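*Asks:* following is a predicted model, sequence given first.
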Amino acid sequence: MNESEFVAALRALATNSGARGLEDDAAVLEIGDETLVLTHDTLVEGVHVLEGQDPADIAWKLVAVNLSDLAAKGAMPVGVLLSHMLGTDDHRFVTGLREVLDTFNVPLLGGDTVRGDGARSWGCTAIGRASHTPVPSRAGAKPGDKVYLGGPIGQAMLGFEALRDDTEADDTAYRRPIPQLELGRQLAPHVTAMMDVSDGLLLDASRIGKASGATLAISSEAVAPLAPENRLTDAMRWGDDYVLLATGPAGLDREFDVTCIGEVHAQTDHPVLLDGSVPQGDLGYTH
C-alpha cells in the first residue's frame, strides 16, 4: 500500500469526530470549555534528515515540524511528548531539544526511548490549545476566496542541497525550520482553510482543494518573488518549508504578513491549477 492507500484504510477506524476524517493536520478534541489540538510526526534518518546529521538539529526539526501543525490550527502549544531511538551523540539531541523548547517556550511532558538496528527514527506528539473556534481545517475553502502564502518557499531545498553537498551556502532553513505560531493565531479567526506547506506548495494546495470540494488556482507569477531565482518549479514541489497556506477573503494580505498567490474556483476535475492548467509531473513529496 502506498501512503494515500494506507491512510484511506485507516479512515474506517478513525470514526471519532476529533479525527476530522484524517483529512487534516491535527486532531481537535473539545474537553469541557477547552479545545485541544493534537498532532504527531515522525522523522526517519535518510528520509527526513540526512544520515549522520547533527542530532541537535534533528531534535529541533522534530519539535518544530509538529509545532508547525499547531500553527496551522492557530493553536498555542501546551507541551510535547517524544520518542527517541538511542544511538551515537545522544547528548547532542538533548542539547538541540533544550534549544527548541526554550525558543518556543514549550514544556517537555514525557515520551519513550528505544534502541534498535538500522535507520534511526524519532517521533513527537504536540499538544496545543485552540486560540479560536472553530479551529481552521483543510476544508472550508470557497469559490471567490483568495489563496495566501505565509512566507518564502524553496529555502529548505537550498539548505538541503548545501548540507548534502557540504558547501558554504546557508542551510539553516532545512536544519532548523521556524513554525509560524504567531501568524497562525492571527489568521485563525479570518481564514476559511489553513495548513502548513510540508510536502510542496502544489501538493498541499491540492489537499486543501480536495478537502474543500474546490479548486485552488495558483499563479506562478505571484509565487515567483517568494522562491529562489530560477528554481520556481522545484520550489513549488520540494516541501519542508513549513510556511502557512491559507484561503480566505480578499484583503488579508493588507492586514497580515501573507502574500496572495491565487484564488479559489468551483470544483473541477483537478483540485489545483497552475496558471490555469493542470500541473505536470509530481506535485510534491509522498512516501
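*Replies:* Happy to help now that I have it.

*Asks:* run through the strands of the stretch 151-287 of the chain in chain order.
*Replies:* Here the stretch 151-287 of the chain has its strands, by DSSP state E, counting those that start in this stretch, at 193-196, 214-218, 244-248, 259-266, 272-274.

*Asks:* okay if I get those as CSV plus mean neighbour count, mean pLDDT and distance to residue 32?
*Replies:* For every residue, glycine as well, the C-beta is placed using N, CA and C. CSV is the format used below for the strands of the stretch 151-287 of the chain (neighbours: other Cβ atoms under 10 Å; pLDDT from 0 to 100; distance: least, Cβ to Cβ, whole Å):
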stretch, mean neighbour count, mean pLDDT, distance to residue 32
strand 193-196, 27, 98, 25
strand 214-218, 25, 98, 34
strand 244-248, 28, 98, 29
strand 259-266, 19, 98, 35
strand 272-274, 23, 97, 39
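
*Asks:* just put the ones you listed in TSV and tack on distance to residue 99.
*Replies:* TSV is the format used below for these (distance: least, Cβ to Cβ, whole Å):
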stretch	distance to residue 99
strand 193-196	21
strand 214-218	35
strand 244-248	23
strand 259-266	30
strand 272-274	36
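
*Asks:* where does the stretch 151-287 of the chain have low pLDDT?
*Replies:* In the predicted model of the stretch 151-287 of the chain, residues 285-287 satisfy pLDDT under 70.

*Asks:* what about the helices in it?
*Replies:* Taking DSSP state H, counting those that start in this stretch to define them, one finds helices in the stretch 151-287 of the chain at 155-165, 172-175, 181-187, 201-212, 220-223, 232-238, 252-255.

*Asks:* please identify the buried residues of the strand or helix carrying residue 126?
*Replies:* Residue 126 belongs to strand 121-130 when assigned by DSSP states H and E. Judged by neighbour count using 16 or more other Cβ atoms under 10 Å, the buried positions of strand 121-130 are 121, 122, 123, 124, 125, 126, 127, 128, 130.

*Asks:* so which of the residues you listed is the closest to residue 174?
*Replies:* residue 122 (16.3 Å; Cβ to Cβ).

*Asks:* how close does the closest one sit to residue 147?
*Replies:* For residue 122, the distance to residue 147 equals 33 Å [Cβ to Cβ, to the nearest Å].

*Asks:* likewise for residue 51?
*Replies:* Residue 51 is 36 Å from residue 147, by Cβ to Cβ.

*Asks:* so those two - more neighbours on which side?
*Replies:* More neighbours surround residue 147 than the other of residue 51 and residue 147, with 28 against 9 (other Cβ atoms under 10 Å).

*Asks:* partner residues bridging the residue nearest to the more buried one when sequence neighbours are not counted?
*Replies:* In this structure, residue 147 finds its nearest non-sequential neighbour in residue 262, 4.0 Å apart by Cβ to Cβ, 6 or more residues apart in numbering. Counting by DSSP bridges, residue 262 forms beta bridges with residue 147, residue 218.

*Asks:* then the one 4 residues further on?
*Replies:* According to DSSP bridges, the residues that bridge with residue 266 are residue 214.

*Asks:* can you pull the contacts of it?
*Replies:* Shown in contact with residue 266 (Cβ atoms under 8 Å, 6 or more residues apart in numbering): 143, 214, 215.
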